[in-house]
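Colleague: this is the structure alone, sequence omitted:
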């Protein structure tokens, strides 16, 4: 789980919201997730991500990208494609992907 908030991004930028429910047997998932985190950081235009999972199993990961070209580059990565295939075959009961353009962004931090 990501323990930081992504802030200070200058709009416009794009989000890729991945919501998922994992299967009960997710052997190999953690290692692949760590590798995907390493890979996405090398994509030009990747700005960061946030991730959380509920005790009931719903996971939400939000990736931030400067433009649609960066999203396309991430989606086209061969290792990412292989991980997506494995996810559909083994790790996920269901998932959804939502892509959006952020026009306005602001935040708050105490202290």
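Modeller: Looks like it arrived, so ask away. Treat the numbers as computed from the prediction; the structure is a model and nothing was measured. Numbering: from 1, shown residues only.
Colleague: show me where pLDDT drops low in the protein?
Modeller: Under the criterion pLDDT under 70, the flagged ranges of the chain are 1-4.
Colleague: what ranges do the strands span in it?
Modeller: 13-22, 46-53, 58-65, 92-102 (DSSP state E).
Colleague: right, and these - which one's nearest residue 30?
Modeller: strand 13-22 (10.8 Å; Cβ to Cβ). Just so you know, the C-beta spots here come from the backbone N, C-alpha and C atoms, and that holds for glycine as well.
Colleague: if we can go back for a sec, can you put the strands of the chain in CSV and add distance to residue 36 and mean neighbour count?
Modeller: Formatted as CSV, the strands of the chain follow (distance: least, Cβ to Cβ, whole Å; neighbours: other Cβ atoms under 10 Å):
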stretch, distance to residue 36, mean neighbour count
strand 13-22, 11, 17
strand 46-53, 10, 16
strand 58-65, 10, 18
strand 92-102, 14, 12
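Colleague: the ones you listed: which one's closest to residue 31?
Modeller: The closest of those to residue 31 is strand 13-22. By Cβ to Cβ, the value is 14.3 Å.
Colleague: now the strands of the chain as TSV including distance to residue 71?
Modeller: Output for these, formatted as TSV (distance: least, Cβ to Cβ, whole Å):
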stretch	distance to residue 71
strand 13-22	6
strand 46-53	9
strand 58-65	5
strand 92-102	7
